[in-house]
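Student: sequence and predicted structure below; questions after.
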Amino acid sequence: MLSGDMEKRQQMKDDLQRCIDAHKDELHSLSRDIWSNPELAGNEKHAHDRLVRFFSQDQTWTVQSHYKLPTAFKASWGPVSGGVGDPVLNVGFLCEYDALPGIGHACGHNLIAEVGAAAAVGLKAALENQTELPLPVKITVLGTPAEEELGGKIELINAGAFADIDLVFMAHPAQQDASFHPCIIIEEMLVKYYGKASHAAAYPWEGVNALDAAVLAYSNISVLRQQLKPDWRIHGIIKHGGEKPNIIPAYTELEFYLRTPLLKDLCDLKAKAEACFRAAAGATGCQVEITAPTPTYYNILPNATLASLYESNGKALGIHFPEQPTSFCGSTDFGNVSFIVPGIHPFFYICTDALNHTEEYTEAAGAEKAQLYTLRTAKALSMTAVDVVCCPDLLKKVRDDFRLAKLKQK
Ligand SMILES: NCCC[C@H](NC(=O)CCN)C(=O)O
């Protein structure tokens, strides 16, 4: 027998599921359209316009296109219910929609956009007729571009886009379902070597070979990797390696990603990597310039209460959560969001064994069969939001978890 409150919550959860099911074709067409028109970080014009149109067609949403960034947007709804003058509880859902060079939506960000939109539309349906919620509730959907590079969420944080948001939800496609999986810190390093050109056959002794510096740098890092802790990562590419074999390269450029679970480890790794890059310059007589083109992405802070609510809602919908998720673990600018607003970023299965950042994953992210899993994830997120907006004790626990997780980072 359900108590009155539980009955009301269940009713709201049923409402949101019905609403998401009723919009399933429209939602699939939204993510399929984004999938069919892949755009790189910062250039997501089509995706931005499509999402803006999606929310604008329902005039109860207030939509701001180009919100603080050219391809970001904001859609807000509410507030409803609660007492006059009570603080409003603002529930945020995030949509990502950038793709990868050459391989399109190989990380399934089109599905992240769909999950965010579906969960928000579902929550609106659940809240629409409520008059007795503990606090007035509003919904904010933020379109957050440029996750794969540039750190769009970090720019939005700095521009104040998260200042009035109380809770934040998004979910990311992976190989398994997991309510939490630690995403690690990432810092990018751009390394430029400057040498001196010369004819490679006629006057090689006049040249200073920037490609030799790049190759040595790459090798130095490969040797360093043997001495790193198992959960540290460093990997890179040579972005520019010269122009022609008979011109001694005067300029080369490498891009490296450095990753560690903790900030203090990142400082150690940076120092070691820099030593490798500078040694290569010394050995070849090149000048070196090392910069960090993108702000650091932080690790994701866990929120035990939100994770456990998400799991129980997910299980009720048939989601299987492996005991030890071995799923995808990269880095994300959601990590920075998790340091300023309590939130969750679960991972979800999309009916494929393919791995993120492969062409096979791109196929899976556009496939019809990913839809069941995508919309089920949206429902579980939205149901989790219902639990928190209906129950002040849960809201308090979520906030306590957030404070505790931050303290543990110190
Ligand atoms: N330059 C930042 C790279 C972030 C990237 N993020 C992901 O793959 C997560 C989902 N897109 C990474 O390499 O971890």
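Tutor: The structure has been received and is ready for your questions. Numbering: from 1, shown residues only.

Student: pull out the buried positions in stretch 396-410.
Tutor: Across stretch 396-410, burial judged by 16 or more other Cβ atoms under 10 Å covers 397-399, 401-402, 405. Heads up, the C-betas are built off the backbone N, CA and C, glycines and all.

Student: which SS state does the residue located most distally from the centre of the chain fall under?
Tutor: Here the centre of the chain is the reference, and by Cα atoms, centre = their mean the most remote residue is residue 202, at 51.6 Å. Assigned by DSSP: H, G, I helix; E, B strand; the rest coil, the conformation of residue 202 is coil.

Student: can you list the low-confidence ranges for this protein?
Tutor: The chain contains residues with pLDDT under 70 at 1-2, 327-328.

Student: let's see it at 80
Tutor: 1-4, 82-85, 325-329, 410 (pLDDT under 80).

Student: which residue ranges of it form helices?
Tutor: Remark: helices assigned in the chain by DSSP state H are 4-22, 24-36, 45-56, 109-127, 152-158, 210-225, 263-284, 304-316, 334-338, 359-366, 371-390, 392-408.

Student: so which of the buried residues of stretch 396-410 comes closest to the ligand?
Tutor: residue 405 (20.3 Å; Cβ to the nearest ligand atom).

Student: wait, residue 341 sits on residue 165?
Tutor: Yes: if you go by Cβ atoms under 8 Å, residue 341 and residue 165 touch, sitting 5.4 Å apart.

Student: near the ligand, which residues of the stretch 151-300 of the chain?
Tutor: 186, 188, 294, 297 (Cβ under 6 Å from any ligand atom).

Student: chain neighbours aside, what residue packs nearest to residue 214?
Tutor: Distances taken as Cβ to Cβ, 6 or more residues apart in numbering place residue 252 nearest to residue 214, at 4.0 Å, with adjacent residues excluded.

Student: now the one you found: how far from residue 56?
Tutor: Using Cβ to Cβ, to the nearest Å, residue 252 is found at 47 Å from residue 56.

Student: so which of those two has more stuff around it?
Tutor: residue 252 (24 against 14; other Cβ atoms under 10 Å).

Student: beta partners for that one?
Tutor: According to DSSP bridges, the residues that bridge with residue 252 are residue 193.

Student: how near is it to the ligand?
Tutor: 21 Å (Cβ to the nearest ligand atom, to the nearest Å).

Student: that residue contacts residue 237, correct?
Tutor: No: between residue 252 and residue 237 there is no contact under Cβ under 8 Å: 11.5 Å.

Student: where do the contact lists of these two overlap?
Tutor: Common neighbours of residue 252 and residue 237, using Cβ atoms under 8 Å, 6 or more residues apart in numbering, do not exist here.
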